[in-house]
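Colleague: Model the structure of this input:
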Amino acid sequence: MKPSTIPQSLIGAMLFACAYAQAPLYYSNQNQYCLHGVAAADDGPLHSDWLANTASPTPAFDAIVEFTAKYGHEYAFHGYYALLLGVYWCSLVGLFDYLAGDRATTRRRLAFSVLLMLVHSAFVRWASYRLFDADYPCYAQGWLAAQYVLGAVFQPSAFGVFLIAAIHQFVRGRIGPAAFLGAACLGHSTYLLPAGILALTFAGVLAMEGRRWKGAMLLGWSLLLVLPVLIYTTVNFRPTTPQAFTEATRILAEERIPHHCQPMQWFDGIAGAQVGFMLFAWILSWRTRLFPIVGALLLVSALLTLIQLASDSHALALLFPWRSSVIVLPLATMIVLSRLTLLAGEWVETTPIWWLGIFALVFFAAAGLGIMVFRQGFATNTAEEPLMAFVRENREPGDVYLIPVTLPKLSGNLGAISSDFKPLPSQRADVRVIPIDFQRFRLGAGVPIYVDFKAIPYRDVDVLEWRQRVAWNADVTKTRQVTRQELLDRGITHVVVTRDRDISVEGLAMLWEDENYRVYGVRR
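Modeller: Reported below is the predicted structural model:
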């Protein structure tokens, strides 16, 4: 980044963070990934939550959350994510500057910025759902196998922006790509595979350029920086027994996250188009340093995906060989938009309406803020808020709540979808979407729950325990048949039910109700 472009990049990053928009706190995956950190900082009952005491796959992220919960305010999570969005934006704009070279004028950078913000804009994604009942723009930034770098909230996957930053640093011949690779893996261990591919590719490119020593140093530093993550993951998630590991990986791959793990499930026409788009962009990167980088990510991912299909290995599926797509798709979008901008170079330079570009950037930013303020995306069940307020005000040490659990039909649904801008009634009618009801309850109310379907552990014995808990809880939700002794034996002190599916159990005392929910206490 040239010193003269730094103010433009910072302003662009701020506008992009607004345009992209964020969900309310503890939306979707944030309930799971913030749990360990919030529970560790909590001096109330949440500290004893069963899931919060299982092995966490993201200890560095937990530390950030715990520190913020202890010494700051949870709204800081929005600020953290805005910073990561800024890294993403500056890296892609910097890569445009690399591809454009001497043709990277202010007007061309502005034109590219408008196009880049257009395909990431929350407003455009919101409009896509209203017009076509699908969030088509999201497929330009990820969502192959329902995986992505940028989601709706601050979560570990967002640290993948540092992989894009590492690529930017490398192609521009700057120092520090190894540090960015390490930062991505520290945020989420799922990036170990794509980071390893990138480190080897960087070293290979440097070796071909006659700088073998520098390549070896980059490779060594990369390995050193990710070594703590490798050690932690190996120690905490190694198989307890072969049988437990086999069954746990089956449960995760076939029952809980088949939309991430089963290529025959997530590969549909849109996924095929995404693969074609990535290959097209790879060809467009010919004669640049991006060509071997994108090529290596595509080749290794394709080979490992074929191996997984041939072996039907659940363990390999859970390594997500196709995870590199979350990096390649934003790169592909950047490459194609860069080429389009440069093709229109003369028109961009001579048109007198360049100010429309500035207006577009400001409009997208304002629209993104409007979507957040007026809750036009990221649907949550607001009817639960009085319930969570009552529980939080009356929580005590030792509380454990049983909440309704419904098992979604995740297997057998072809393709991957984003539901961030899907209206709540449509989400509830879509069997492919994990029910949003009660996803926020644990953190919103600040109390332990017995189990839910959305938040899961990863150690094999914990996965087996989770599956048993979910099956029992789902059966109680469906049949509304349970005894007081069963509840006591499982350590459950309170039961939450919906008014339309009440429960009749001797030994329960109703503590609270409104037009939607009831809370019962279990008499000891």
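Colleague: where does Tyr401 fall, phi/psi-wise?
Modeller: Tyr401 adopts backbone torsions of phi -100, psi 140, taken as degrees, to the nearest 10.
Colleague: Look at it and say how many residues are nearby.
Modeller: Around Tyr401 there are 22 other residues, counting by other C-beta atoms under 10 Å. The C-beta positions use only the backbone N, C-alpha and C, and glycine is treated the same way.
Colleague: From Pro242, how far out is it?
Modeller: 35 Å (C-beta to C-beta, to the nearest Å).
Colleague: Please name the residues that touch Ile456.
Modeller: Going by C-beta atoms under 8 Å, 6 or more residues apart in numbering, Ile456 touches Gln32, Leu51, Leu252, Arg256, Val463, Trp466.
Colleague: if you set the cut-off to 6 Å instead, what comes out?
Modeller: Contacts for Ile456 (C-beta atoms under 6 Å, 6 or more residues apart in numbering) come out as Arg256, Trp466.
Colleague: Val328 now?
Modeller: Val328 sits next to Met278, Val294, Leu297 when contact means C-beta under 6 Å, 6+ apart.
Colleague: what does Leu329 give?
Modeller: Applying C-beta under 6 Å, 6+ apart, the residues near Leu329 are Gly142.
Colleague: That one and Met117: what is the separation?
Modeller: Using C-beta to C-beta, Leu329 is found at 16 Å from Met117.
Colleague: for Tyr80, same thing?
Modeller: 21 Å.
Colleague: who's more crowded, these two?
Modeller: Met117 (25 against 14).
Colleague: show me the contacts for the more buried one.
Modeller: Listed by C-beta under 6 Å, 6+ apart, the contact set of Met117 reads Phe16, Ala19, Phe364.
Colleague: Which of the helices or strands spans the last one?
Modeller: When secondary structure is defined by DSSP states H and E, Phe364 falls within helix 355-373.
Colleague: Report all helices and strands that the helix or strand following that helix contacts.
Modeller: Using DSSP H and E, the helix or strand that follows helix 355-373 towards the C-terminus is helix 385-394. For helix 385-394, the packing partners by 3 or more C-beta pairs under 6 Å, 6 or more residues apart in numbering; DSSP states H and E come out as helix 441-445.
Colleague: Pick the one among the contacts of Met117 closest to Thr246.
Modeller: Phe16 (44.2 Å; C-beta to C-beta).
Colleague: The closest one looks like it's in a helix, true?
Modeller: Yes - counting by DSSP: H, G, I helix; E, B strand; the rest coil, Phe16 is found in a helix.
Colleague: give me every residue that touches it.
Modeller: By C-beta under 6 Å, 6+ apart, the contact set of Phe16 is Trp89, Met117.
Colleague: Distance check, it against Leu92.
Modeller: 9 Å.
Colleague: For Val38, give its distance to Gly72.
Modeller: Val38 sits at a distance of 12 Å from Gly72 (criterion: C-beta to C-beta).
Colleague: And for Gly295?
Modeller: Between Gly295 and Gly72 the computed distance is 43 Å (C-beta to C-beta).
Colleague: Flag the shaky bits of the stretch 1-150 of the chain, pLDDT-wise.
Modeller: The stretch 1-150 of the chain contains residues with pLDDT under 70 at 1-5.
Colleague: how about the strands of it, start to end?
Modeller: 142-144, 147-148 (DSSP state E, counting those that start in this stretch).
Colleague: so can I have a markdown table of those showing distance to Leu443 and mean neighbour count?
Modeller: Output for those, formatted as a markdown table (distance: least, C-beta to C-beta, whole Å; neighbours: other C-beta atoms under 10 Å):
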| stretch | distance to Leu443 | mean neighbour count |
| --- | --- | --- |
| strand 142-144 | 25 | 24 |
| strand 147-148 | 22 | 22 |
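Colleague: ok, back up a step: more crowded one of Gly295 and Gly72?
Modeller: Gly295 (17 against 11).
Colleague: Contact partners for Gly357?
Modeller: Gly357 sits next to Leu110, Val114 when contact means C-beta under 6 Å, 6+ apart.
Colleague: swap the cut-off to 10 Å and go again
Modeller: If a contact means C-beta atoms under 10 Å, 6 or more residues apart in numbering, then Gly357 has Arg107, Arg109, Leu110, Ala111, Phe112, Ser113, Val114, Leu115, Met117, Val348, Thr351 as its contacts.
Colleague: Those residues, buried ones only, as a ChimeraX selection?
Modeller: Buried members of these, defined by 16 or more other C-beta atoms under 10 Å, are picked up in ChimeraX with:
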select :109,110,111,112,113,114,115,117,348
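Colleague: next one: stretch 268-285 to chain centre, how far?
Modeller: From the chain centre to the centre of stretch 268-285 is a distance of 22 Å (C-alpha atoms, centre = their mean, to the nearest Å).
Colleague: now it: mean pLDDT?
Modeller: For stretch 268-285, the mean pLDDT works out to 97.
Colleague: Could you list which of the contacts of Val328 belong to strands?
Modeller: Among those, no residue falls in strands (DSSP state E).
Colleague: In helices only, show me the residues you listed.
Modeller: Taking DSSP state H as the definition of helices, those contribute Met278, Val294, Leu297.
Colleague: Just list the residues touching the residue nearest to Ala13 when sequence neighbours are not counted, thanks.
Modeller: Leaving aside its sequence neighbours, Ala13 sits nearest to Gly86 (C-beta to C-beta, 6 or more residues apart in numbering; 3.6 Å). Each residue near Gly86 by C-beta under 10 Å, 6+ apart is listed here: Ser9, Leu10, Gly12, Ala13, Met14, Phe16, Ala17, Val161.
Colleague: try Thr483
Modeller: Contacts of Thr483 by C-beta under 10 Å, 6+ apart are Asp489, Val505, Glu506, Gly507.
Colleague: any idea how far Arg524 is from the second one?
Modeller: Distance, Val505 to Arg524, by C-beta to C-beta: 14 Å.
Colleague: Check the first one too.
Modeller: Relative to Arg524, Asp489 is positioned 12 Å away (criterion: C-beta to C-beta).
Colleague: Next: the last one.
Modeller: Counting by C-beta to C-beta, the gap from Gly507 to Arg524 is 9 Å.
Colleague: And the two? Which one has more around it.
Modeller: A direct count of neighbours by other C-beta under 10 Å for Gly507 and Arg524 places Gly507 higher, at 14 against 7.
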